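Visitor: sequence first, then the predicted structure:
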Amino acid sequence: MRHLRLWRRFFAQAVVRETHYRAHFLTTLLVGLVQLGLGIVPTLLLFGFTQEVHGWTRAEVIALVGVYQVVTGLMATFIGPNLNRMTSYLTEGELDAVLLRPVSSQFYLTFRWINVAELSNVASGIIVLAFGLVQSGLTPNVGQVLQAVVLVMCGLVLLTAVWSALVYSAFWLQSVGPIGIVYLSVVEAGRYPLTFFPVPVRSFLTFVFPVAFATTYPLQALSGDLGWGSVGLGIGLSVIAVLLIRLVWQRGLRTYASASS
């Protein structure tokens, strides 16, 4: 409960900061809309020559782009602002002060900063998702919506774990800027259905870089093509990922030498 109260304070502070920089909100919204449009254009071009690709219609892929926008918006709101700071925490000695706080240092470094403006991209993603579902004629029931929500949450946990593992390598490499670029490049695969890729790539995007749990699987759940077994798998993988990333963090702390020492 202490961590929850602390996070609520972080969020309140972020909202106050955002009210002082309204231009930032508008800029983020415009950039997000441009990115969303660029994500939809390839879909329109692809389906200009066919009605269906690997069992997916144009409307379903547009809905998938909406899910992708929601997920990346949430990551950019709550996770990105923190993990992008990891190198400076280590090289400038800021981690020293964090370790002295009466709170989990890993929690603090993962959730301290929040970019409220990115929630506009989450909203635009929901609109595109709703449009795609209506166009495809899908009317998910409560159970299917619940499956999709749980899978999105699992996808967020898994993507956070992968990104964290990559940035925690800063304990040994000092700088992880290029690694962050690789992460952002690979996550782009979430714009497209898993079946669009060869089998080895599908396995990679499911178990190694599990973006499928954040985008493709939630939409399949909304369309009724996924059972609770896949949801259970997502929950199980999420628990394992959290435990593993905790071990990586603890290992990194044991090798950490203060930048100010």
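Guide: Yes, it's here. Keep in mind it's a predicted model, so treat the numbers as computed, not measured.
Visitor: separation between the residue nearest the centre of the chain and residue 178?
Guide: Residue closest to the average C-alpha location in the chain (CA atoms, centre = their mean): residue 75, at 3.9 Å. For residue 75, the distance to residue 178 equals 19 Å [CB to CB, to the nearest Å]. Placement of C-beta: from N, CA and C, glycine included.
Visitor: what helix or strand is the nearest residue to residue 147 once chain neighbours are set aside on?
Guide: Excluding its sequence neighbours, the residue lying closest to residue 147 (CB to CB, 6 or more residues apart in numbering) is residue 221, at 3.8 Å. Residue 221 belongs to helix 216-222 when elements are defined using DSSP states H and E.
Visitor: and that helix, what's buried?
Guide: 216-222 (16 or more other CB atoms under 10 Å).
Visitor: closest to residue 111 out of those residues?
Guide: Closest approach to residue 111 among the buried residues of helix 216-222 (CB to CB): residue 218, at 22.7 Å.
Visitor: these two touch, right, the closest one and residue 155?
Guide: Yes. With contact defined as CB atoms under 8 Å, residue 218 reaches residue 155; the gap is 7.1 Å.
Visitor: contacting residues for residue 77?
Guide: Taking CB atoms under 8 Å, 6 or more residues apart in numbering as the definition of contact, the neighbours of residue 77 are 114-116, 118-119, 122.
Visitor: just the CA trace of the helix or strand hosting it, in PDB.
Guide: When secondary structure is defined using DSSP H and E, the element that contains residue 77 is helix 58-78. Once side chains and other backbone atoms are set aside, the C-alpha atoms of helix 58-78 remain, and they are given as PDB (Å, rounded to 0.1, in the frame of the first residue of the first chain):
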ATOM      1  CA  ARG A  58      -8.300  -4.700 -43.200                       C
ATOM      2  CA  ALA A  59     -10.600  -3.600 -40.300                       C
ATOM      3  CA  GLU A  60      -9.100  -6.200 -37.900                       C
ATOM      4  CA  VAL A  61      -5.600  -4.900 -38.700                       C
ATOM      5  CA  ILE A  62      -6.700  -1.400 -38.200                       C
ATOM      6  CA  ALA A  63      -8.100  -2.400 -34.800                       C
ATOM      7  CA  LEU A  64      -4.700  -4.000 -34.100                       C
ATOM      8  CA  VAL A  65      -3.000  -0.700 -34.900                       C
ATOM      9  CA  GLY A  66      -5.300   0.800 -32.300                       C
ATOM     10  CA  VAL A  67      -4.200  -1.800 -29.700                       C
ATOM     11  CA  TYR A  68      -0.600  -1.100 -30.500                       C
ATOM     12  CA  GLN A  69      -1.200   2.600 -30.000                       C
ATOM     13  CA  VAL A  70      -2.700   2.000 -26.600                       C
ATOM     14  CA  VAL A  71       0.100  -0.200 -25.500                       C
ATOM     15  CA  THR A  72       2.900   2.000 -26.700                       C
ATOM     16  CA  GLY A  73       1.100   5.000 -25.200                       C
ATOM     17  CA  LEU A  74       0.900   3.400 -21.800                       C
ATOM     18  CA  MET A  75       4.600   2.400 -22.000                       C
ATOM     19  CA  ALA A  76       5.500   5.900 -23.000                       C
ATOM     20  CA  THR A  77       3.400   7.300 -20.200                       C
ATOM     21  CA  PHE A  78       4.500   5.200 -17.200                       C
END
